[in-house]
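Q: with the input below, show me the fold.
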Amino acid sequence: MLQSRFKMPSREELKKRMDNIPDNIMKECPVCHATFFSMRAGKQRTCPNCGFGFRITAKRRAKITFDSFNEIDSDITVPKQYTDEKYMAKVVKAKKVTGIKESVLTGIGTLDKMQVAAGIMDPFFVMGSLGSATGEKITRLFEKATDENLPVVMFTASGGARMQEGIHSLMQMAKVSQAVEAHNKAGLLYIVVLCDPTTGGVTASFAMQGDIILAESHALVGFAGRRVIEQTIMKQPPKDFQKAETVLQHGFIDAIVPRSDLKQVLTKLLALHQKKEDANG
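A: Alright, predicted model coming up:
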């Protein structure tokens, strides 16, 4: 009776059913290793168990953070002088994935009607690496903010300097730092939000030059990679030594803010700074 009612599907039928199952229906958190339905991560793309913020594109971050966002310098991209085919293929792929032409999205955003110059690094664009065009966009952002008396909020997410561009990528550290210093001398506020991961030359320059340095929960924050450090000091560092929470304990970060609270916290900080400016003016 049961055999006539329930027929075992063939291998072909099973394969067809598997092909109809959507990709990425489940997620595993790399921090707490909880497994959950992807939809539970919500618009913020965070782990419902520990609050870890999964990597998101710069455009998504702009959408969930600001009331409005107007992009600037959107046409700046990798200079034509770089002709390495493998490198340029990575850049072309990154443009398709992220919808932007370089590893940072820059523009003027608003939070509760307050204007702010914002830079958002994209971890899906060649690992958010700092290239010559990236540095040019960030420098122009700070220069515009200085000229227009605007605070800057920078979301950092990077694997470091882009080695395919050699010394030109490394020089961006000094170039951006100079623009940050000019902005600082004008008495303007600079807030950094360290996202997962913030490493390399970005950590060694503008990511650590903010007046206020925030970080997302469980973000990886460091300079050199674990293996490089182990080979250098011939010891194994603690397992969590590059986690934002550990970096906070050692005084390099002012506060860790869950992604769901970032918009509210940034709005409050900008409002306090604006009140101070009004009082001084």
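
Q: Ala204 contacts Ala174, correct?
A: No: assessed by Cβ atoms under 8 Å, Ala204 is found out of contact with Ala174, at 10.6 Å. Every C-beta, even on glycine, is put in place using the N, C-alpha and C of the backbone.

Q: measure Pro151 to Gly119 for me?
A: Separation of Pro151 from Gly119 (Cβ to Cβ, to the nearest Å) stands at 12 Å.

Q: and the helix or strand hosting Val91, C-alpha only, in CSV?
A: If you go by DSSP states H and E, Val91 is part of helix 85-98. The C-alpha trace of helix 85-98 is given here as CSV (Å, rounded to 0.1, in the frame of the first residue of the first chain):
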residue,chain,number,x,y,z
GLU,A,85,45.8,41.6,-17.3
LYS,A,86,45.1,39.6,-14.1
TYR,A,87,44.9,42.8,-12.1
MET,A,88,42.6,44.6,-14.5
ALA,A,89,40.4,41.4,-14.7
LYS,A,90,40.0,41.7,-10.9
VAL,A,91,39.1,45.3,-11.2
VAL,A,92,36.5,44.7,-13.9
LYS,A,93,34.9,41.9,-11.8
ALA,A,94,34.9,44.2,-8.7
LYS,A,95,33.1,46.9,-10.6
LYS,A,96,30.3,44.5,-11.6
VAL,A,97,30.0,43.1,-8.0
THR,A,98,29.9,46.4,-6.2
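
Q: buried sites along whatever helix or strand comes next after that helix?
A: Next in sequence after helix 85-98, counting helices and strands by DSSP H and E, comes strand 104-111. Going by neighbour count (16 or more other Cβ atoms under 10 Å), the buried part of strand 104-111 is Val104, Leu105, Thr106, Gly107, Ile108, Gly109, Leu111.

Q: list the beta-bridge partners for the last one.
A: Spelled out, it's Leu111. Counting by DSSP bridges, Leu111 is bridged to Met114.

Q: if I follow the layout properly, it ends up in contact with Ala62?
A: No: the pair Leu111 / Ala62 is not scored as a contact, 11.7 Å apart, by Cβ under 8 Å.

Q: so which residues of the stretch 151-281 of the chain form strands?
A: Here the stretch 151-281 of the chain has its strands, by DSSP state E, counting those that start in this stretch, at 152-158, 190-198, 212-215, 255-256.

Q: where does pLDDT dip in the stretch 151-281 of the chain?
A: 276-281 (pLDDT under 70).

Q: ok, back up a step: more crowded one of Ala204 and Ala174?
A: Of the pair Ala204 and Ala174, Ala204 is the one with more neighbours under other Cβ atoms under 10 Å, namely 16 against 10.

Q: what sits against the more buried one?
A: Going by Cβ atoms under 8 Å, 6 or more residues apart in numbering, Ala204 touches Met173, Phe223.

Q: separation between it and Ala145?
A: 22 Å.

Q: swap in Asn184?
A: 11 Å.

Q: tell me which of those two has more neighbours.
A: For Asn184 versus Ala145, neighbours defined as other Cβ under 10 Å are more numerous around Ala145 (27 against 17).

Q: tell me, how many residues neighbour the nearest residue to the more buried one once chain neighbours are set aside?
A: Ranked by Cβ to Cβ, 6 or more residues apart in numbering and with sequence neighbours excluded, the top spatial neighbour of Ala145 is Ala117, at 3.8 Å. Ala117 is flanked by 25 other residues according to other Cβ under 10 Å.
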